[in-house]
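> this one's sequence-less:
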């Protein structure tokens with residue numbers, strides 16, 4: 001994509017970036033779920049990957065509504081995915097409980113990136129008067145916040161304690 005010339009360009013570029021970010025994140029989250037030792041964590045990650053896929057479908061619909069049908073490679077998520085692989089998947093961690101702690105930390109980093117991107121997109125949509133887009137982006141942002149909160153709760157009540 002070329003340099004943005006107006007807010008609509010900024011908005012569609014942000015959505016195209018999120019499409020790529022979600023594709024990358026969904027793939028690594030499925031890998032994290034397979035490595036997770038804690039059954040509840042595994043389930044939350046599997047549900048998280050399903051949610052990411054739904055969010056991606058929504059992003060594609062919003063972009064289609066704007067006449068855009070391609071994603072923009074997200075280097076930010078590429079870096080986060082690389083870190084998740086390095087620390088949670090490829091690291092020689094012998095204790096499954098410790099690996100679960102690392103998985104939670106890496107997953108939450110990626111969630112926070114999504115919160116930022118979807119929040120920014122929502123602000124752009126509001127400024128552009130796209131109320132139908134705002135509602136969809138708000139729902140996604142809330143979903144990510146809920147996922148992040150649920151994972152924090154699991155970590156604080158179970159996963160972190162098991163790794164002591």
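Done, it's in. No experiment lies behind these values; they were computed from the predicted model shown. Numbering: from 1, shown residues only.

> contacts and neighbour counts: CA atoms only from here.
Noted.

> tally of neighbours for residue 144?
Neighbour count for residue 144, taken as other CA atoms under 10 Å: 22.

> correct me, but it touches residue 111?
Yes - using CA atoms under 8 Å, residue 144 is in contact with residue 111, at 6.5 Å.

> so which helix or strand takes in the spatially closest residue to residue 45 that is not a sequence neighbour?
Nearest residue to residue 45, sequence neighbours excluded (CA to CA, 6 or more residues apart in numbering): residue 33, at 5.3 Å. Assigned by DSSP states H and E, residue 33 belongs to helix 7-35.

> off-centre distance for the helix or strand that that helix is followed by?
As assigned by DSSP H and E, the chain's next helix or strand after helix 7-35 is helix 39-65. Here the centre of helix 39-65 is set off from its chain's centre by 8 Å, with CA atoms, centre = their mean, to the nearest Å.

> now helix 39-65 and helix 7-35, what's the angle there?
If you take axes from the mean of the first three to the mean of the last three CA atoms, to 10 degrees, helix 39-65 sits at 160 degrees to helix 7-35.

> packing partners of helix 39-65?
helix 7-35, helix 131-154 (3 or more CA pairs under 8 Å, 6 or more residues apart in numbering; DSSP states H and E).

> quick one: contacts for residue 45?
Shown in contact with residue 45 (CA atoms under 8 Å, 6 or more residues apart in numbering): 29, 30, 32, 33.

> let me know the pLDDT of it.
With respect to pLDDT, residue 45 has a value of 96.

> the contacts of residue 45 into TSV, with extra columns for neighbour count and pLDDT?
Shown next, in TSV, are the contacts of residue 45 (neighbours: other CA atoms under 10 Å; pLDDT from 0 to 100):
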residue	neighbour count	pLDDT
29	26	98
30	17	98
32	27	98
33	22	98
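
> which strands and helices sit next to whichever helix in the chain runs longest?
Identified as the longest helix of the chain according to DSSP state H is helix 96-127. Taking 3+ CA pairs under 8 Å, 6+ apart as contact, the helices and strands that helix 96-127 lies on are helix 7-35, helix 75-84, helix 131-154, helix 160-162.
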